[in-house]
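Undergrad: pasting a predicted model and its sequence here:
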Amino acid sequence: MGIEVKGEGMGKGMGEGTPRPYTQPELMVAAAAREISDGNVVFVGMRLPLLGFQLAKSTHAPNAVGVYELGIIRDSAAPEPILTMGDLPNLYRAQWLADTADVMGLLQQGIVDVSFIGGAQVDRFGNLNTTYIGGAQNIEMRLPGSGGACDLASLAKRHIIIMAHEKRRFVPKVDYITSPGYGNGAGWRDRVGLPRGGPSTVITTLGVLRFDSATKEMMLVSVHPGVTVDQVLDSTGWPLRVSSEVVTTPAPTPSELATLRRFDPEGYWTSERTAV
Amino acid sequence: MGIEVKGEGMGKGMGEGTPRPYTQPELMVAAAAREISDGNVVFVGMRLPLLGFQLAKSTHAPNAVGVYELGIIRDSAAPEPILTMGDLPNLYRAQWLADTADVMGLLQQGIVDVSFIGGAQVDRFGNLNTTYIGGAQNIEMRLPGSGGACDLASLAKRHIIIMAHEKRRFVPKVDYITSPGYGNGAGWRDRVGLPRGGPSTVITTLGVLRFDSATKEMMLVSVHPGVTVDQVLDSTGWPLRVSSEVVTTPAPTPSELATLRRFDPEGYWTSERTAV
Amino acid sequence: MPASKLLSLAEAIARFVPDGSSVALGTALESLIPFAAGRELIRQRKRSLTLIGPISDILFDQIIGGGCASKVRAAWAGNVITGSGYCFRRAVESGSLEVEDHSNLTIAMALRAGAMGVPFMPTRTALGSGLYETNASLREFACPFTGDAVTAVAAITPDVAIVHVQRADEYGNAHAWGNLGVTREACLASKHIIITAEEIAPPEIISSDPNRVVTPGFRVSAVAHVPWGAHPSPVPGHYNRDHQAFIDYQRDSRTLEAFAAWQARWVDSGDDYPALLGEARMASLKIKTRALAEVVDYGY
Amino acid sequence: MPASKLLSLAEAIARFVPDGSSVALGTALESLIPFAAGRELIRQRKRSLTLIGPISDILFDQIIGGGCASKVRAAWAGNVITGSGYCFRRAVESGSLEVEDHSNLTIAMALRAGAMGVPFMPTRTALGSGLYETNASLREFACPFTGDAVTAVAAITPDVAIVHVQRADEYGNAHAWGNLGVTREACLASKHIIITAEEIAPPEIISSDPNRVVTPGFRVSAVAHVPWGAHPSPVPGHYNRDHQAFIDYQRDSRTLEAFAAWQARWVDSGDDYPALLGEARMASLKIKTRALAEVVDYGY
């Protein structure tokens, strides 16, 4: 079985059988939403980030603006549940319906505060592979590719990675860099000419990780309720650095959950069985 | 008195006092219209070309398409007289209202068959100056500048120059190249990297000139009714080449005149007193 | 008036998409995807096509499954709400399909370079990324003013763009609305344009709103009337996205056998797609709320 | 909802156009020219502005005549239907005004480079022309793919774009229609945007048609309600071009004395421009025919 961006055969990281008032994806969406500050310009990616933006917008970030690669800008949540950014409710009363080039221009100018990217493989410096498992010269598996992810990773002020936390996905070095993180460490982005940015946070099925400001190496800062640090270390393909003060990821509040369930009433993205 | 693109103190070239059923500008517009073939994509400039396109479109070139630098594409004549391409009737039922960049893209791709440019100074190789009399380092007079003219001259498959024929305007070498013709002669456009094009015709107040295919030098091919070759030579600032078979410019037909007068009923562009 | 450009979809594809063509499709990304045209490409057994586009949802996967494509120049190929595209995956992993990997920005700029008639466009994306390994259309160079590292993206000028719109007249003038992605660039960059339209409208309808026109009609080669021509993708003003069709397609493309059955049922059984879909399904997808744009006036 | 951005024109100009600003104006070329904003710049005695635009008709001439500008980066400055702009001519010939000479294509690409966040745009125009003598923003270089000679145009990022539109809401969301020239690029390239609008509309009017929006409202700094704000240039849906005003201005700008009288009458006498124009003149210019765009539906 190969690695899919979504859907097949992915293990659950969090303690199975423990009844919780929320699902694992709901916890992750809530964590993603908290990465958005009020007034932020957010480049909204596919899947969970769609919900994260709507949740933030409806709770603590009412003045956030959402930018979508299809050529959509919204300053309000869509009026009906959507599964994808192209669903017609996401066009209804948009602030602007434009061309992909227009919204990419905003991104390239440096106007986008934060963006979200999923991935199939990530390494200790936050480089993402969503294209070739095995690498381009030795293709073991072909994944869908970049879409806008390379652009978000290259050009947003910062980006957030959302991933399933498994050893085969958290690898020492990705087979192919679809979306650049910090390359081989501090200074790399400057050296290759990327104008700004880099990953700030990785939200996984097990916890939350950030990057050491000096070395640009990934570091565990938070574990989800019921998850141990050892579980995270066992699910990571390199000796993961752990913050001296690992906290527990805050659970979604009842109000966040209620809002979230309005946006995904059927649980397409947020049911317990849904892979990230 | 300086040189103006339009309006002040310009001499009349054609035999004054000779009653004609048409004005000098009407003759020139009719000559311009004849340069448009059916189905041509025409980049339409300001002033007389506005009328030339409408006349061609309404007579022998019903399938011509007009492209205007404002971001307008028309496949029909405007429904009411217009003085300028931005007049609202020129927007009404346009084929496309777009951005300047879009129509410049058509031009740059090489889709535009013919365009029209006016000028204050022209030289034997068809270079036009509409910017600095005296040159940029020794400004005697500042004229309005390029607008789209440099682009038309650089990028259309061919362009037509429309000018008052006076010695101070027909100079051996222009003081400043606003709109490139053939530079210093054959091969120049290739050498500087212009992808195509060049002036094919100069329609003046006195006659019609074309360019020698080998030397790219301007050559008189037609004189307007009542004008002599000597008059043209006297009004040209270099020893002008004359075709071995100079003809008389055909007068506008009654039907052309009737059409033209519908487009300029007040004679703003085509009365005898109007300078080109 | 020029001659009418109205053709059947079959005739338009037969005439303007010879084997070996490079074809831009799915230029609005997730909506207005010309799925009917894709099925017609498969039905006519087109071969050796190069598919060009940013994100085609499952359209590219279908055309690849049908054996029509030898190369893809795209940012993404898969199934937006389920993940991988299996036909695409099989083709790449078996070595039968060449891929030029783009990002949305690089493919947009490649088409814009074509539209603008310049040999390349500069961007600041993809520096340091793997895209340089698998895309010869990208080249790093120094900005002539600042010296900054810039990614040059070579122009793409497709042989034909196939674009689905809400309405068009028989001369190729077309209205599209919603998110348009790279549609404008793709049309202007392409040698031929095939419009598939939900409705064929009188010319006066289209010319009533020239700002809504997607590309000038004189650049269009053919217009085909294809109601439901973008299903299962959404079409503003007409129908919503048919999520179930995308979920079903994940199952129907997972194996070669499943795909063959899908093709037999949805493609080779004929071209009366609305009948295949059925009234009930169409009714469930039709837009339920109306949200009309405020009037604008082009009078003088 | 964010805070309202509705200001008087005087306040908007005072707050967002300090002396020394670079200002994009006249971005739709011959229509929707923000003449009221230009008069306000003169009235407030702005100094050392850099004026940016393709063809401003007589707007740049007026602002230059008012003594507000020290530099122009433009393709053309004059009076479209009469020829030269006399204030512009005097200023250049006396050496008080610096000019960066563009063509329409190079200024469009300079602003597009700004809008796209890249340091330059490539074009194939102007090679061999005098523009290279008087425009340091142009540089010839070899295409990294083809080796062809290309003109690189350096990005322009104005401090502020002033744009006149048909209608806007108080949050900066605005509808414009007609020929838009370089308006989209100019807005996206600029640090601030001031919208002047014929009508202030409820937000639901603007959001009813998001494809008609000229730039996203979150990028806009101020919105001013200025009926007749583009007179004497035309505004689709509102009024026709006032040709006589352009002919009169030729006379009124021919000498310094004439211009001073023009400024006293039309600028410094106050800001009730419709009253200065008079009912009869306004009535003669108002659009006489209605030509409404066909309905579009954004329902779901």
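TA: Everything's here; your move.

Undergrad: ok, the spatially closest residue to C:Asn173 that is not a sequence neighbour - contacts?
TA: Excluding its sequence neighbours, the residue lying closest to C:Asn173 (Cβ to Cβ, 6 or more residues apart in numbering or on different chains) is C:Gly217, at 3.7 Å. Every residue, glycine included, has its C-beta placed from N, CA and C. Applying Cβ atoms under 8 Å, 6 or more residues apart in numbering or on different chains, we find C:Gly217 in contact with B:75, B:95-96, C:169, C:171-174.

Undergrad: give me the phi and psi for C:Gly217.
TA: phi -60, psi -30 (degrees, to the nearest 10).

Undergrad: contacts only, for the residue of the stretch 201-300 of chain C found nearest chain B.
TA: The nearest approach of the stretch 201-300 of chain C to chain B comes at C:Tyr300, 3.6 Å away (Cβ to the nearest Cβ). Counting by Cβ under 8 Å, 6+ apart, C:Tyr300 makes contact with B:79-80, B:87-89, B:91-92, D:240, D:287-289, D:291.

Undergrad: that one sits in which helix or strand?
TA: Assigned by DSSP states H and E, C:Tyr300 falls within no helix or strand.

Undergrad: distance of it from D:Pro236?
TA: The span separating C:Tyr300 from D:Pro236 equals 8 Å under the rule Cβ to Cβ, to the nearest Å.

Undergrad: same thing with A:Val174?
TA: Applying Cβ to Cβ to A:Val174 and D:Pro236 gives a distance of 53 Å.

Undergrad: next, C:Val182: phi, psi?
TA: Here C:Val182 shows phi and psi, under degrees, to the nearest 10, equal to phi -110, psi 20.

Undergrad: so what's it up against?
TA: A:99-101, C:27-29, C:53-54, C:107-108, C:111-112.

Undergrad: next: A:Val122.
TA: Neighbouring residues of A:Val122 by Cβ under 8 Å, 6+ apart: A:128-129, A:161, A:163, A:169-171, A:174, A:181, A:202, A:218.

Undergrad: quick one: the helices in chain C?
TA: Assigned by DSSP state H, chain C shows helices spanning C:9-16, C:35-43, C:59-65, C:86-93, C:104-116, C:183-189, C:203-207, C:243-252, C:256-266, C:273-277, C:279-285.

Undergrad: which one of those lies closest to A:Glu140?
TA: helix C:86-93 (7.9 Å; Cβ to Cβ).

Undergrad: now do that closest one against helix C:256-266, angle only.
TA: With axes from the mean of the first three to the mean of the last three Cα atoms, to 10 degrees defining the directions, helix C:86-93 sits at 130 degrees from helix C:256-266.

Undergrad: what does helix C:86-93 rub up against?
TA: Counting by Cβ under 8 Å, 6+ apart, residues outside helix C:86-93 touching it are A:139-144, C:60-62, C:64-65, C:69, C:72, C:77-78, C:97, C:99, C:250, C:253-256, C:259.

Undergrad: and the closest residue to C:Ser4 other than its chain neighbours, how many neighbours does it have?
TA: Excluding the flanking residues, the one nearest C:Ser4 by Cβ to Cβ, 6+ apart is C:Glu170, at 4.3 Å. C:Glu170 has 20 neighbours, counted by other Cβ atoms under 10 Å in any protein chain shown.

Undergrad: same check on A:Asp190?
TA: Neighbour tally, A:Asp190, other Cβ under 10 Å: 11.

Undergrad: give me the buried entries from the contacts of helix C:86-93.
TA: A:139, A:141-144, C:60-62, C:64-65, C:69, C:72, C:77-78, C:97, C:99, C:250, C:253, C:259 (16 or more other Cβ atoms under 10 Å in any protein chain shown).

Undergrad: on that earlier part again, same list (the contacts of C:Gly217) but as CSV, adding neighbour count.
TA: Compiled in CSV, those are given as follows (neighbours: other Cβ atoms under 10 Å in any protein chain shown):
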residue, neighbour count
B:Asp75, 23
B:Gln95, 26
B:Trp96, 27
C:Asp169, 24
C:Tyr171, 21
C:Gly172, 25
C:Asn173, 28
C:Ala174, 27
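
Undergrad: now do the same end-to-end measure for stretch A:74-88.
TA: In stretch A:74-88, first residue to last residue: 13 Å (Cα to Cα, to the nearest Å).

Undergrad: what residues does the stretch 151-276 of chain A have near chain C?
TA: A:151, A:154-155, A:176-180, A:183, A:188-189, A:192-195, A:268 (Cβ under 8 Å from any Cβ of the partner chain).

Undergrad: most widely separated two among those residues?
TA: A:Gly193 and A:Tyr268 (39.4 Å).

Undergrad: report the beta-bridge partners for C:Ile55.
TA: C:Trp76 (DSSP bridges).

Undergrad: now it: how far from chain B?
TA: With distances taken as Cβ to the nearest Cβ, to the nearest Å, C:Ile55 is found 23 Å from chain B.

Undergrad: ok, that residue - contacts?
TA: With Cβ under 8 Å, 6+ apart, C:Ile55 has these contacts: A:69, A:147, C:26, C:29-30, C:74-77, C:80, C:104.

Undergrad: got JSON lines for these, with pLDDT too?
TA: Below are those laid out as JSON lines (pLDDT from 0 to 100):
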{"residue": "A:Glu69", "pLDDT": "96"}
{"residue": "A:Gly147", "pLDDT": "97"}
{"residue": "C:Gly26", "pLDDT": "97"}
{"residue": "C:Leu29", "pLDDT": "96"}
{"residue": "C:Glu30", "pLDDT": "95"}
{"residue": "C:Ala74", "pLDDT": "98"}
{"residue": "C:Ala75", "pLDDT": "98"}
{"residue": "C:Trp76", "pLDDT": "97"}
{"residue": "C:Ala77", "pLDDT": "97"}
{"residue": "C:Val80", "pLDDT": "95"}
{"residue": "C:Asn104", "pLDDT": "98"}
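
Undergrad: end to end, how far does stretch A:230-243 reach?
TA: So stretch A:230-243: terminal residues 13 Å apart, Cα to Cα.

Undergrad: and it, what's buried?
TA: Applying 16+ other Cβ under 10 Å to stretch A:230-243 flags A:231-232, A:235-237, A:240-242 as buried.

Undergrad: show me those that map onto helices.
TA: Those of these mapping onto helices are A:231-232, per DSSP H.

Undergrad: what sits closest to C:Phe85 if chain neighbours are left out?
TA: That one is not Phe; residue C:85 is Gly. Closest to C:Gly85 by Cβ to Cβ, 6+ apart is C:Asp61, at 3.5 Å.

Undergrad: surely the one you found touches C:Arg254?
TA: No - between C:Asp61 and C:Arg254 there is no contact under Cβ atoms under 8 Å: 11.3 Å.

Undergrad: mind checking pLDDT for residue 205?
TA: This is for chain A. pLDDT, A:Thr205: 97.

Undergrad: look at chain C instead
TA: At C:Ile205, the pLDDT recorded in the model is 98.

Undergrad: gap between it and chain A?
TA: 21 Å.

Undergrad: so who does that residue touch?
TA: C:167, C:169, C:175, D:294.

Undergrad: repeat for C:Leu29
TA: C:Leu29 neighbours (Cβ under 8 Å, 6+ apart): A:69-71, A:86, A:100, C:54-55, C:57, C:104, C:179, C:181-182.

Undergrad: repeat that for C:Ala142.
TA: C:148-150.

Undergrad: can you tell me how far whichever residue of the stretch 101-250 of chain C sits closest to chain B sits from chain A?
TA: Per Cβ to the nearest Cβ, C:Gly117 is where the stretch 101-250 of chain C lies closest to chain B, at 3.3 Å. As judged by Cβ to the nearest Cβ, C:Gly117 and chain A stand 16 Å apart.
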